[in-house]
Structure formats: C-alpha cells, structure tokens
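Asks: pasting the structure only:
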C-alpha cells in the first residue's frame, strides 16, 4: 500500500471492486531492476498488466516489451514503443499474426518447435529467432508446466535449421517459473544454456542472446529476496558459465514490475457461518476467482489483506467470491485471520494485485463486470 | 453437433474461436425437462449462458429464471421475463441490489445466513425467501464446496426468524452439484428436506417450496442417464418422502438446458513435440482455459472433440491453449487421441460447450478477445 493509493481511495471512494495502480512504483521497480542488472535489456511482460497507461509509462522510460498476441503488439505501438523494442514472445502464434507483426517491423520472435519455425521462415524471413528451452524448476509459486520449450538437443537442431533457412538464429530463452524465490534455479539453467552455446559454436553457429524470461517476484505474504539478490545471483551465474564472453541478456519481468504497484479495494458482502456451532467465519467479498483473483487457483498466490479494523482481535476465516460458482473460493486451507469486528459493507484492501488480475477477469460471469483499473 | 450448426459453420466460415448455439436444442431440452418433471417450475440458471437470445427464447417459452446479480435480472427483464418469474438465487447479495430487485417487482430470494436475512428483512419486506441447505454430495463432475448453504438446524432457526420478521418463509433449497450423475443423491437430500418440513410444521411454520437447484447434466465424453431417469428419480424421492402432500417444486437447470446446444469451433495453432524422441504430440488450439474452457480446470469437464480428419489412425495428445500462461493446459492427464494427420490450421469442434464457456472467458488475457457467440 502506498501513500498515493491510500489518498486516492480516501478522496475518490470509488465503486468496488477496483484496482488502483501507482505508476510511480512501476517506474521505481524498473529503475531498481536496471540498477541490479545493468547489462540486461528489460522487456516488460505486457500480459501481467496490459493497462494502456502502464505500457505508456514504461515506453516513455525506454523499456522494451514481451508480447503474446497481435493485440498486445498494437497496444505497445499505440503507447509509444517502437517495433525494434518488441519481442513476439509467444511460442504459439498464428502465421497470419507473425506476418502482420513482421509488416509492422517486429524482428524478434520466440519458437520451440519445427512447425513454429516453418511459420517464421515463411512469414518473417531473416528475422531474429530464439528457441525456448524446456526447464524443470522447482520453487516457483505459480506452477510451470511442460507447455513451453523443448529438450536441449532439439533446441540445438532447431537453431541450426533456422540458420540454414536464412534466419538470424540468435539465442536461447528459458523461464524459471513465475514468482521464483529459489535463486539457485538460474544457475542450474544457465549452466545448460552455456553448454548449448559451446556446442553450437562447434557447429559454426555463434549465439548472441540469452533471454531469461521472468520469475522476478512481487511481495505477497511471504518475504522474498530483494532485487539486488536476484541481480547478484544472475550475474554470478552468467560469469560462472560464460566467463568474460557474456552474451546479450534479456529479462521479461511482469509481476516483478507491476505486482506491488497495485491494490484492489473490495467490499465485504456477507459474513456468515455454516452452523451456529462453527467458529470459522465465511467472509464473502465482491471480488473472487472470476473477477480478477484467478491466481488464487489452488491457493497458489497468497495476497496480504488489510481492513480498516486491523489491530484488534482476529479469528480464522474462509475467503470467497460473490458468484454462484462453488469453485469461487479463494482461501479455505490457507490460514487467513481477519478482525472479529469486521462488518458487512466494510472495505478491504488486497495488496500486491497489480499483476495478473484485471486481464484474467471474466468478461461477464454471473453478470459481474470485469475489474476496473485506476492508474494514478 | 447438430445439422443446423454444421451447416452454419460450413456456410459462414466464422473467425475462430467462436461458440455456435442452436436455440432449437435449448427449446427441445426445455420441453423434455417439462415432460419429465411436469410438477416442477423450471428456472433457467442464467449464469450458464447469459446470451440475450438464449434468455429471450426461454422467456418466450414461459420459463422462469434463476439470477445471480442485478445485471442478470436486468437482462431477463429486457428479454421479456416478468418479475414474478425471477428468483434472486445468489445467497451473497449487496443490500442495495436486493432493494433494486425488490423495486423491480422481484419477490423470491435465496439466503443461508443471519446477515443475509437481515438485508432481506430491511430491503425486501414481506418477500418470499427460501433457505439453502449445505449438502455433501459426491458424484458431481464439477466440484461443490461448502460455499453455499447452512446446517439443517440452522436453516430451521433462520426460517422461523424470517417468519417472525414478517417474511414469507416459504421453503428450502439445495444443490446436488453440477453435472450430477448419481441419481441417488436427490433421494438422500430430499429425505433431509422432508424431515425439516415436518419439524417446522410442529413449530407452526408450513413450508410450501422445495428448490432443488441444478445438477442436470450435459453429455460430454461419458454417457449420462437420460432426462426421464432424472424425472423418475426425483419424483420417486419426492413421493417417498412427502407422500401425497407434495410441495411446489423448482428446478434450476443451466448446463442441462444449454450444454449440448453449443459447439465451439477452434483452430489448431501449433502441433509439436517436446523432444524428437517423444511420441506424444502437443496440440495448441486458439482457445484455452482463459478463453472459455475454464471448466477444464483440474481436467474436470471432458469435452468431446471432433476434427475433419476423424476416422483414420490417431495418437495421444496433450491439449493446450494459446496464451503464455503455463497453467493454460486443458488435458494432460486425461487421455485424448487425435488423428495423426492433424495439421496446423485445421479447424476442430469442441462439443457440449453451450454452458459455462462464454461468460467465464477472460476479458483480455494475453490480448485475446473474449469468446464470440452466434445464436442460430
């Protein structure tokens, strides 16, 4: 919670639920990350929070952008980013969207398969392409599946084929998992990446780029290492495995830039018990899993919650959303304590909600409108 | 898949992904349910598919509507339903929304707690209210949590308090779980409901209504009992527990009316392997968990999938969506087989997707637009 957000909420009393994003925090996070990793180019993962004012602020700071779709590329161009600062980072693209992006001047593309490479050769001739490696990292709070990337030997073969087809086969990418708090994960993957660099050098292909994706955390209920610790861990691993022959580096923070810049204000709609004998209260908010808190799926992300009655006696609660869907329960197994004198109609603040909230929000489920954002 | 939907897709070649809903199927389902349960009033659960044309067709047939929010009530009134045919069935309502609904003429409300009853007494004086029971039913494919309802003894106390406050304390509701295929579940809950009717009669409160919610299935990959079997099971249980003193009955089908009326057409964006040695292909569609297939969460609902190449040799696949979110994988553990000659750019049909798809769809995740619907 920042002073500016507190003041905005107090003065404006907006309709709930809503998200308030403090753009100055995003700017500060950007500078902090730049200081911690001066050799890396920062590509903001637009999907984390595609609010136009967020993109505009970062574009003005000189940031680059990791985009997932034609609409995200359009958004970045409209908000002042130039095509040379855009990466079409989704490994699953329609060929017509690749062609469209190429026509706009986008020249950096991700891939991890033969079929995707075929599309790039056809629709983006000569463009720079990097191949995503399949990683198997523990320690991330938002789960990574096997959805993205391919095995190292396959990546090597794909890059050689890309070069032979006239593409700029420039490098490798990986992702250690969103909200990654185990700093050793970068070292393990970078060892693998450096090995592939050497192997491809023997085949006459000199790679020049390591895209290490995101993973930079926001602070939720648990303390996380600070940005300098991430910078040191990554630069330590880079020099350990690449020596003084450092390739270009790209990082793609989303949560790490926007997460702690946003606060959702919600209203308590109902407080009840399932039985007069039960101690645990059910607290129902006017926002839930389908209204922007999708990352509470399997109780993965645990947001801190503040009320106007904090400081007194608290008791355990189950936290749920306002829809008629029984899956719309945020926290039932995770221990949450809220004040015993919390009342229906009270406003509560859900902290650290600047990333992966508004854009996940359902378009119209149960007739509830998507989450509204105020950028300040 | 209906002939009308096949024809529409062939003639129109709509942009994918899209949902096509055959309104005649919804009408046929409505009549079939009426025939199977002639004593029950049918309240369509609007949340299942809030497309205005769906609501309009059912309103014209004389259906009633189970609504979850102010916006759903507005929708029903706009599409021709009268207020006496609406139930505000969400147990989690803001008081101002209750007052608004009451002003429109809505007189039937759900509740399951003291705090919600307080709001109803204040904002909807004299209205008919029914209390939702907490049920613990197995056999449903979409999980039921403890989110809704209260213990039987608490329900009895709440209804007596409602009566003493001048409300029409009219009955009880329950829900056996969505896509419930174990017909014995209704009998177990109705035994409990009948016991509460008798107990409250001793306290001088004559209940008149049993709202048995939804649970009526759509057909996905597994065969389900037919509508007559549901009708027989429910009427058998009603007469077994209520004798010849049958209360009014309400059912709230959503999936049961709209599920098999809709087909999603999607496009194959990518087919790949994670390693050249792996046999299992990854098939990425232009729709996924965040674009309308939210009910594939935990691989709960298993939609049948058709391609234009069905009939030849097939192989196992993992099915995933187009977004950069690693959680956007529909089926990894469930065995899905698709033709070996399936190609990037092929169209596929996802059957049984008329319910709980469009409205769940994310507003803008990864820049992908919400799922578009064509009603025919």
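Replies: Perfect, thanks for sending it. As the structure is a prediction and not an experimental result, all values here were calculated from the model.
Asks: So which residues on the stretch 101-250 of chain A come close to chain B?
Replies: A:112-116, A:119, A:134, A:142-151, A:153-154, A:157, A:178 (C-beta under 8 Å from any C-beta of the partner chain). (Each C-beta comes from the backbone N, C-alpha and C, glycine too.)
Asks: where exactly do the helices run in the stretch 251-376 of chain A?
Replies: A:255-258 (DSSP state H, counting those that start in this stretch).
Asks: in it, which spans are strands?
Replies: A:262-272, A:281-285, A:305-307, A:314-320, A:329-339, A:347-351, A:372-375 (DSSP state E, counting those that start in this stretch).
Asks: anything in the fifth one near chain B?
Replies: Which is strand A:329-339. Yes: using C-beta under 8 Å from any C-beta, strand A:329-339 reaches chain B at A:329, A:332.
Asks: So what are the sheet partners of that strand and their directions?
Replies: Counting by DSSP bridges, the strands paired with strand A:329-339 are strand A:314-320 (antiparallel).
Asks: got the angle between the strand it pairs with and strand A:262-272?
Replies: Per axes from the mean of the first three to the mean of the last three C-alpha atoms, to 10 degrees, the angle that strand A:314-320 makes with strand A:262-272 is 100 degrees.
Asks: Mind listing what's buried along strand A:314-320?
Replies: A:314, A:317, A:318, A:319, A:320 (16 or more other C-beta atoms under 10 Å in any protein chain shown).
Asks: now swap in stretch A:147-155 and tell me
Replies: Of all the residues in stretch A:147-155, those buried under the rule 16+ other C-beta under 10 Å are A:147, A:148, A:149, A:150, A:151, A:152, A:154, A:155.
Asks: In this structure the second one contacts residue A:177, no?
Replies: This points to residue A:148. No: because the distance of 11.0 Å does not satisfy C-beta atoms under 8 Å, residue A:148 is recorded as not touching residue A:177.
Asks: how about a markdown table for the strands of the stretch 251-376 of chain A, with distance to residue A:85 and mean pLDDT added?
Replies: As requested, the strands of the stretch 251-376 of chain A are exported to a markdown table (distance: least, C-beta to C-beta, whole Å; pLDDT from 0 to 100):
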| stretch | distance to residue A:85 | mean pLDDT |
| --- | --- | --- |
| strand A:262-272 | 24 | 98 |
| strand A:281-285 | 38 | 98 |
| strand A:305-307 | 37 | 98 |
| strand A:314-320 | 40 | 97 |
| strand A:329-339 | 37 | 96 |
| strand A:347-351 | 31 | 98 |
| strand A:372-375 | 21 | 97 |
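Asks: Can you report how many residues lie near the residue in the stretch 101-250 of chain A positioned nearest to chain B?
Replies: Of all residues in the stretch 101-250 of chain A, residue A:113 sits closest to chain B, at 3.2 Å by C-beta to the nearest C-beta. If you count neighbours by other C-beta atoms under 10 Å in any protein chain shown, residue A:113 ends up with 23.
Asks: Quick one: residues contacting the closest residue to it other than its chain neighbours.
Replies: Leaving aside its sequence neighbours, residue A:113 sits nearest to residue B:272 (C-beta to C-beta, 6 or more residues apart in numbering or on different chains; 3.2 Å). The contact partners of residue B:272, by C-beta atoms under 8 Å, 6 or more residues apart in numbering or on different chains, come to A:112, A:113, A:114, A:115, A:116, A:150, B:281, B:282, B:284.
Asks: Also residue A:39?
Replies: A:235, A:246, A:249.
Asks: Could you check how far it is from residue A:134?
Replies: 26 Å (C-beta to C-beta, to the nearest Å).
Asks: Could you pull up the contacting residues of residue A:293?
Replies: Residues in contact with residue A:293 (C-beta under 8 Å, 6+ apart) are A:264, A:287, A:303, A:321, A:330, A:350, A:353, A:357.
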